[in-house]
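In: 3D model of this:
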Amino acid sequence: MKQFLILFILLFNLTVIAQSESYAGTYERRSEMNDGSIFEYTINLNSHGTFLFHSYEMHTKTKSPEQHKYGKGKWEADKNIISFSTDEQLDLDETHELNFSNTRARIDRKSPRNKSPEIIPDLMRFFSSDISWVEGKKLVKTN
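Out: Reported below is the predicted structural model:
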């Protein structure tokens, strides 16, 4: 019985690690507007449960055309939902000012029933966030 319990715990941990690593990677979005403005969003989900977010905006019609915003913290996967958290003591500083606590995203993937040869990349959709401009963003997994 003891060996069965140890085997069960080991298999459960391997399953959790495998699920997290399957979501790990870089997700990006780049938009160029008709007036020449550029918006870029990148989030790196590391396999050990941390993330780094970068937002770059270049506006052609403002006095301060370039803006960089950063955030970092931890992430957890539960099925296809990613929950983000930011420790205010450890993760927030002069550079990393975005607090991703209470931010959640869904990972959309090609259905295993879809047998077509078409390559459909994973898509991260932010559906809940205290950061108003993050909510609704869709980022494509690039690696």
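
In: where does the spatially most central residue of the chain sit: helix, strand or coil?
Out: The chain has I43 as the residue nearest its centroid, 5.0 Å off, counting by C-alpha atoms, centre = their mean. Per DSSP: H, G, I helix; E, B strand; the rest coil, the local secondary structure of I43 is strand.

In: then S22?
Out: At S22, secondary structure determined by three-state DSSP is helix.

In: how many neighbouring residues does it have?
Out: 13 (other C-beta atoms under 10 Å). For the C-beta atoms, the positions are set from N, CA and C on the backbone; glycine is no exception.

In: so how far is E57 from it?
Out: Using C-beta to C-beta, to the nearest Å, we find S22 at a distance of 31 Å from E57.

In: before we move on, what about G49?
Out: Distance of G49 to E57, given as C-beta to C-beta: 28 Å.

In: look at the two and report which has more neighbours.
Out: Higher neighbour count among G49 and E57: E57, with 18 against 14, using other C-beta under 10 Å.

In: right, and that one touches E32 too?
Out: No - between E57 and E32 there is no contact under C-beta atoms under 8 Å: 11.7 Å.

In: find the residues that touch each one of the two.
Out: Common contacts of E57 and E32 (C-beta atoms under 8 Å, 6 or more residues apart in numbering): I38.

In: and the helices in this protein?
Out: 2-23 (DSSP state H).

In: contacting residues around the longest strand along it?
Out: Criterion DSSP state E: the longest strand present in the chain is strand 66-78. Residues outside strand 66-78 that contact it (C-beta under 8 Å, 6+ apart): 19-20, 23, 45, 49-59, 82-87, 91, 95-101, 107.

In: and it, which strands flank it?
Out: Its sheet considered, strand 66-78 pairs with strand 50-58 (antiparallel), strand 81-85 (antiparallel), strand 96-98 (parallel) by DSSP bridges.
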